[in-house]
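# could you look at this predicted model? Sequence included:
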Amino acid sequence: MDFRQLRTFSCVAELGSLSKASDTLRVAQPALSRQIKLLEHELRTELFTRNGRGMVLTEAGRLLLARTSGIVRQIDQIRDDIQSAKGPPSGQVVLGLVPTVSCVLSARFARRCVESFPGISLRIVESYSGHLVEWLHRGEMDLAILYGRSADLHLNVQGLGRDNIVAVGPRGCGLSRRKNVDIGWLLRQRLVLPSHSHGLRALIEHAAAQRKIKLNVQLEADSFRVLTSLVEEGLGFGLLPPSSVHGEVADGRLETAAVSKPMTRELIFASPIDRPASTASLAITALLRDEVAACRKEGLWDIRLA
């Protein structure tokens with residue numbers, strides 16, 4: 001195996017198409033096809049299933065991608081770092097954000113990145129903490145803002161603070177007229193929550209178990225935007241960070257109230273522990289910290305500093 005074959009394989013696997021990979025790598029499609037066939041010949045197995053809709057990884061292909069995608073990114077970053085030594089930071093940075101953070105940061109941070117570092121290609125991936133941790137471990141992501149206990153993640157971590165959780169309800173539900181709501185009362189209401197695999201759900205289930213309350217959850221949503229729309233439709237109450245529904249509350253579409261017994265989650269910066277950060281990643285990390293501080297100062301993010 002050589003690097004050119006692995007880079008071609010990684011690009012085709014990500015895009016699911018030889019033609020798209022050809023456009024991205026600026027290499028003729030027959031040449032890419034030949035590299036894939038040489039790699040399959042060397043490994044003595046098919047890496048893709050070819051069909052009318054594109055290229056789909058076989059089991060062997062998924063194994064190869066899991067083992068080599070981080071290596072390919074590291075070699076690309078070495079090239080970018082050497083080029084950055086002679087000028088401003090350049091190269092690709094993959095940033096992971098949990099949904100409740102993404103809705104606050106993504107658009108405004110992307111704008112700042114374009115203005116501050118035109119040589120950096122920023123890719124923002126929105127997903128839940130478990131997925132982000134997995135991609136960081138596999139070397140497919142450079143840094144992330146996620147929830148979790150920093151000691152348990154086996155990553156380089158820096159604490160950002162603790163995010164508060166508040167009660168969220170539809171317009172006219174009365175939450176906005178209350179200073180706070182009793183946690184016992186809230187947990188007995190009809191709720192719209194993420195599924196059991198989500199860290200927020202575990203936090204809410206633990207609070208209910210402490211009070212011997214059986215939750216009334218008829219609707220679950222693992223999409224943050226779906227969850228808030230269900231609450232907006234009056235299908236139940238939610239529990240979310242206030243920053244994540246700032247716009248909806250300002251527009252009068254949702255109401256919030258503090259919870260009598262505060263519920264918080266630890267929010268952290270995380271990056272892989274087994275390789276040095278690229279020049280571009282370090283630049284993005286510094287800019288991201290500055291943007292988080294700006295959001296707090298503007299009142300867009302109610303986060304208690306670590």
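Good, I have the coordinates.
# could you pull out the strands for the stretch 201-306 of the chain?
216-220, 238-240, 254-259, 263-271, 303-305 (DSSP state E, counting those that start in this stretch).
# who are the packing partners of the first one?
This means strand 216-220. Packed against strand 216-220, as judged by 3 or more CB pairs under 8 Å, 6 or more residues apart in numbering; DSSP states H and E, are the following elements: strand 190-193. In short, each C-beta sits where N, CA and C put it, glycine included.
# and the strand it packs on, what's buried?
Within strand 190-193, the residues that count as buried by 16 or more other CB atoms under 10 Å are L191, V192, L193.
# so which of the residues you listed is the closest to D163?
Of all the buried residues of strand 190-193, L193 has the smallest distance to D163: 16.6 Å, by CB to CB.
# so how far is L235 from the closest one?
Summarising the geometry, the distance separating L193 from L235, computed by CB to CB, to the nearest Å, is 12 Å.
# show me the shaky parts of this structure.
150-151, 304-306 (pLDDT under 70).
# what's the single longest helix in it?
The single longest helix within the chain, with elements called by DSSP state H, is helix 59-84.
# would you list every one of the strands in the stretch 51-200 of the chain?
Listed in chain order, the strands of the stretch 51-200 of the chain (DSSP E, counting those that start in this stretch) span 54-57, 91-97, 120-126, 143-147, 156-170, 180-181, 190-193.
# next one: stretch 269-287 to chain centre, how far?
15 Å (CA atoms, centre = their mean, to the nearest Å).
# likewise for stretch 29-38?
Distance, stretch centre to chain centre, for stretch 29-38: 33 Å (CA atoms, centre = their mean).
# so which residues make contact with it?
Applying CB atoms under 8 Å, 6 or more residues apart in numbering, the external contacts of stretch 29-38 come out as R4, Q5, T8, F9, V12, L18, S19, A21, S22, L25, L47, F48.
# buried ones in that stretch?
Under the neighbour-count criterion of 16+ other CB under 10 Å, stretch 29-38 has L32, S33, Q35, I36 buried.
# isn't there a helix covering the first one?
I take that to be L32. Yes: using DSSP: H, G, I helix; E, B strand; the rest coil, the secondary structure at L32 is a helix.
# quick one: closest of the strands of the stretch 201-306 of the chain to I165.
I165 lies closest, by CB to CB, to one member of the strands of the stretch 201-306 of the chain: strand 263-271, at 4.0 Å.
# quick one, that closest one and strand 91-97 angle?
Compare the direction of strand 263-271 with that of strand 91-97 by axes from the mean of the first three to the mean of the last three CA atoms, to 10 degrees and you get 160 degrees.
# got the angle for strand 263-271 vs strand 156-170?
Angular relation of strand 263-271 and strand 156-170 on a 0 to 180 degree scale: 140 degrees, by the same axes, to 10 degrees.
# I'd like the distance from strand 263-271 to the chain centre, please.
With CA atoms, centre = their mean as the basis, the mean position of strand 263-271 lies at 13 Å from the chain mean.
# each with direction, which strands does it pair with?
Taking DSSP bridges as the criterion, strand 263-271 pairs within the sheet with strand 143-147 (antiparallel), strand 156-170 (antiparallel).
# output those as a markdown table; include the columns mean neighbour count.
As requested, the strands paired with strand 263-271 are arranged in a markdown table below (neighbours: other CB atoms under 10 Å):
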| stretch | mean neighbour count |
| --- | --- |
| strand 143-147 | 24 |
| strand 156-170 | 20 |
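# to W135, which of these lies closest?
Go through the strands paired with strand 263-271 one by one with CB to CB and the one that ends up closest to W135 is strand 143-147, at 7.9 Å.
# hmm, who's touching that closest one?
In this structure, residues lying in contact with strand 143-147 by CB under 8 Å, 6+ apart are 93, 95-98, 101, 105, 129, 132-133, 135-136, 160, 163, 199-200, 265-271, 277, 281, 284-285, 288, 292.
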